[in-house]
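Enquirer: With the sequence up front, the predicted model follows.
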Number of protein chains: 2
Amino acid sequence: MANAVQSYHHGDLRSALIEAATARLSEYGVDSLSLRKLAEDAGVSRTAPYHHFKDKSALLSAIAAKGFSDWHTAAKRIFEQEDKTPQARFREFVHEYIGYAADNPEMYELMFGRTIWQNQAATNDLKDVAFPCFQFQVTMTRYWQDKGLLPNNQDALRLAQVTWGTLHGIARLLIDGIYADSSHIEEMCDCAADLFMQKQP
Amino acid sequence: MANAVQSYHHGDLRSALIEAATARLSEYGVDSLSLRKLAEDAGVSRTAPYHHFKDKSALLSAIAAKGFSDWHTAAKRIFEQEDKTPQARFREFVHEYIGYAADNPEMYELMFGRTIWQNQAATNDLKDVAFPCFQFQVTMTRYWQDKGLLPNNQDALRLAQVTWGTLHGIARLLIDGIYADSSHIEEMCDCAADLFMQKQP
DNA sequence: AAGGCTATGTTGACAGTGTCAAGATAAAAC
DNA sequence: GTTTTATCTTGACACTGTCAACATAGCCTT
């Protein structure tokens, strides 16, 4: 959205970069994201981004942070539907999680890929958004344990790690097209949900 | 392992490249693997590898194929221990899977990362090794269902996808250091195993 | 209002990367 | 012994992230 007037200072380059990156991300994938292209998209020179982000990883982290924030909001919306049974909400949560990953594979890849997490490269800004997101998973897990949906003899944190791990693993297998193809998404979600809620057939 | 005699033809460059790559992989990680460095390791010029591998991805696929083959062997060994109960073998399988991933993070990353799977980039050679590996997971799943360890009301293929998905997800969370740290590996494994085998407390 | 500080943007440069094209060498096939 | 073929070489290209040095312009203080 570069406007007609080309002034020396961009005005809001940071936002423009994130916007351009988000657009490019969903269309061409995280691997084809280059700072130089993004700078060009924003109508600015190669090294201008460095005045707003420490390095490429920091830019990607900022985008991922937005993803986590969005997902956290979505998760809360699903979890807090008072008019639905806990069972229904749990099942919906599973489907929504996998659905989000399947619909936004590149964003998911970015959020949970090693690109931004490896070598403790994660920004503090990123951690600040991502950690509450996981904390919420623990909260939900504890709730579902209380409601008798999930086994009560397990530590909530471990169980949350395992349940999230399951969703994460299925999501990745789907996204990477390894051993699962997208035509069976719903069945896989139901299978996972059934597995967790073995007490309620 | 370049020998003293420097002849124009290497002799067994293909093997040398794979060897060098495997060594570099575990030490420096998959991201720092470059064809040029590998060529240098093998004492050969930059483009020599192209006479043995179509491109970089093909070389990586060859290494991953070895990984799948090794893991398939390990899985069979665990599964076929006649002197142990199915429960014990299942539990051991879970621990071994996560343990393998935790001990060989870069190899695991390569085997299951998008580097070699994305865009249908997977070589046929790779698929030929990886697919039986997954088939075996289905076979084991069906066996455990028959033994009453895993829920019998689920399609074996779906259940295999979900159980593998769980292990895969936990492995990735651990490797990428996202929300789990390696000090709780055993607890997480037990939690996952318990979750699957809810009928046997 | 004048001058300086600072945020922001620029060009130049460097060391990397994967990969193609064209030519050199040696081993194998005939 | 000659020709084919597999293998290896150098040269080149486009691309990447990132640093250093310099340019511009808006803001802050005096």
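Expert: Thanks, I have it.
Enquirer: how does chain A divide into domains?
Expert: Listed by automatic domain parsing, the domain ranges of chain A are A:11-52, A:64-196.
Enquirer: nearest to chain B, of those?
Expert: Nearest to chain B, of all these, is domain A:64-196, at 2.7 Å by C-beta to the nearest C-beta. Glycine gets a C-beta too; all of them are placed from N, C-alpha and C.
Enquirer: Tell me, what's the model's pLDDT at the closest residue to residue A:197 other than its chain neighbours?
Expert: Residue nearest to residue A:197 in three dimensions, not counting chain neighbours: residue A:149, with 5.3 Å by C-beta to C-beta, 6 or more residues apart in numbering or on different chains. On pLDDT, residue A:149 comes in at 94.
Enquirer: sec struct for residue A:149, please.
Expert: Following DSSP: H, G, I helix; E, B strand; the rest coil, the label given to residue A:149 is coil.
Enquirer: got the phi/psi numbers for it?
Expert: Main-chain torsions, residue A:149, degrees, to the nearest 10: phi -80, psi -40.
Enquirer: And residue A:153, by the same measure?
Expert: The phi/psi pair for residue A:153 (degrees, to the nearest 10) reads phi -90, psi 20.
Enquirer: now residue A:33
Expert: Torsion angles, degrees, to the nearest 10, at residue A:33: phi -80, psi 120.
Enquirer: Double-check it against residue A:21; I have them as touching.
Expert: Yes: between residue A:33 and residue A:21 there is a contact under C-beta atoms under 8 Å: 6.1 Å.
Enquirer: Who has more neighbours out of these two?
Expert: A count of neighbours by other C-beta atoms under 10 Å in any protein chain shown puts residue A:21 above the other of residue A:33 and residue A:21, at 25 against 21.
Enquirer: Say whether chain B is contacted by the lowest-mean-pLDDT helix or strand in chain A.
Expert: Lowest mean confidence among the helices and strands of chain A (mean pLDDT, DSSP states H and E): helix A:114-117, at a mean of 90. Yes: shown here: helix A:114-117 in contact with chain B (C-beta under 8 Å from any C-beta of the partner chain) through A:114, A:117.
Enquirer: How far does the next helix-or-strand element following that helix sit from its chain's centre?
Expert: Per DSSP states H and E, the first helix or strand lying C-terminal to helix A:114-117 is helix A:124-146. For helix A:124-146, the distance from its own C-alpha centre to the chain's C-alpha centre is 13 Å (C-alpha atoms, centre = their mean, to the nearest Å).
Enquirer: For helix A:124-146, list the C-alpha coordinates in CSV.
Expert: Taking C-alpha atoms only, helix A:124-146 is exported to CSV below (Å, rounded to 0.1, in the frame of the first residue of the first chain):
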residue,chain,number,x,y,z
ASN,A,124,11.3,-12.1,24.5
ASP,A,125,8.4,-10.5,22.7
LEU,A,126,7.6,-13.8,21.1
LYS,A,127,7.9,-15.7,24.4
ASP,A,128,5.7,-13.2,26.1
VAL,A,129,2.9,-14.0,23.7
ALA,A,130,3.5,-17.7,23.2
PHE,A,131,3.9,-18.7,26.8
PRO,A,132,0.4,-17.5,27.9
CYS,A,133,-0.9,-19.4,24.9
PHE,A,134,0.5,-22.6,26.3
GLN,A,135,-0.6,-21.7,29.8
PHE,A,136,-4.1,-21.5,28.5
GLN,A,137,-3.7,-25.1,27.2
VAL,A,138,-2.9,-26.1,30.8
THR,A,139,-5.8,-24.3,32.1
MET,A,140,-8.2,-25.9,29.7
THR,A,141,-6.6,-29.3,30.4
ARG,A,142,-7.2,-28.9,34.1
TYR,A,143,-10.8,-27.9,33.5
TRP,A,144,-11.4,-30.9,31.3
GLN,A,145,-9.8,-33.1,33.9
ASP,A,146,-12.2,-31.7,36.5
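Enquirer: which secondary structure elements does that helix contact?
Expert: On a contact count with 3 or more C-beta pairs under 8 Å, 6 or more residues apart in numbering or on different chains; DSSP states H and E, helix A:124-146 meets helix A:56-79, helix A:86-103, helix A:156-175.
Enquirer: Contact residues of chain A facing DNA strand C?
Expert: Contact residues, chain A versus DNA strand C (C-beta under 7 Å from any atom of the strand): A:8-11, A:13, A:39, A:44-48, A:51-52.
Enquirer: Tell me which two of these sit farthest apart.
Expert: Within the residues of chain A next to DNA strand C, A:11 and A:46 form the most distant pair, 18.8 Å apart (C-beta to C-beta).
Enquirer: If you count surrounding residues, which of these two has more?
Expert: Ranked by neighbour count (other C-beta under 10 Å), residue A:11 and residue A:46 place residue A:46 first, with 13 against 9.
Enquirer: quick one, what contacts the more buried one?
Expert: Neighbouring residues of residue A:46 by C-beta atoms under 8 Å, 6 or more residues apart in numbering or on different chains: A:35, A:36, A:39.
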